[in-house]
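Asks: Here's my sequence, what's the structure:
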Amino acid sequence: TTNKCQVSNTMAKIELPFPPTITATDIVNRRKPSKIKSKSPNAFLIYRKAFLDQLSNSKHNLKMTDVSKLVSTYWKNEPENVKEEYRKIAAQVEVELNEKRKKSVPYRVVWKNSKYSSRKRNQIGKVTKTPG
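Replies: Residues are numbered from 1 along each chain as shown. Predicted structure coming up:
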């Protein structure tokens, strides 16, 4: 019950700025090059990110499971105009990611000393038996 009290006490305290301060460019620029091809976040995930930022700024210390419940409750209670703003950001993220995807070189990990590198693979394939 201590956890429930902590979560319900937090409910009244968290206020996300509106209009949202998180931008599509922030989200796209935070992505690692290996994640550029990944699916774009939807409005709820962007809202969740803004919520986490707000929680960390206000020094709340909650378990992620509690945070997830809290964010879900907040999202359900948000008015439609707030949700629409996050949908706009999500659409903009999609546009910016598509632009970045067009410009990006395919991301590939090269393992220089692994058994899968092409040089070693060729050597393994060329193993010959010595007579005798």
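
Asks: is it true that Glu96 touches Thr25?
Replies: Yes: Glu96 lies in contact with Thr25 (Cβ atoms under 8 Å); the separation is 6.5 Å. All C-beta spots, glycine's among them, are computed from the backbone N, C-alpha and C.

Asks: neighbours of Lys37, just the number please.
Replies: Close neighbours of Lys37, defined as other Cβ atoms under 10 Å, add up to 13.

Asks: do the same with Leu70
Replies: For Leu70, the neighbour count with other Cβ under 10 Å is 20.

Asks: ok, longest helix in the chain?
Replies: In the chain, with assignment by DSSP state H, the single longest helix is helix 80-103.

Asks: sorry, back to before: same drill for Glu96 and Thr25, tell me which one is more crowded.
Replies: Glu96 (17 against 11).

Asks: Next up, the contacts around that one.
Replies: Contact analysis of Glu96 by Cβ atoms under 8 Å, 6 or more residues apart in numbering lists 24-25, 28.

Asks: Could you check the pLDDT of it?
Replies: pLDDT recorded at Glu96 is 92.

Asks: do you know how far it is from Ile89?
Replies: Taking Cβ to Cβ, to the nearest Å as the measure, Glu96 and Ile89 are separated by 10 Å.

Asks: Give the residues shared as contacts by those two.
Replies: Here Glu96 and Ile89 have Ala24 as joint contacts, going by Cβ under 8 Å, 6+ apart.

Asks: my guess is Val82 contacts Phe18, does it?
Replies: Yes: the pair Val82 / Phe18 is scored as a contact, 6.1 Å apart, by Cβ under 8 Å.

Asks: quick one: which of the two has more around it?
Replies: For Val82 versus Phe18, the count of surrounding residues by other Cβ under 10 Å is larger for Val82: 18 against 11.

Asks: can you map out the helices along the chain?
Replies: Using DSSP H, helices in the chain cover 2-11, 24-30, 43-57, 64-77, 80-103, 118-125.

Asks: tell me the most buried of those?
Replies: A comparison of the helices of the chain by mean neighbour count, using mean count of other Cβ atoms under 10 Å, puts helix 43-57 on top with a mean of 17.
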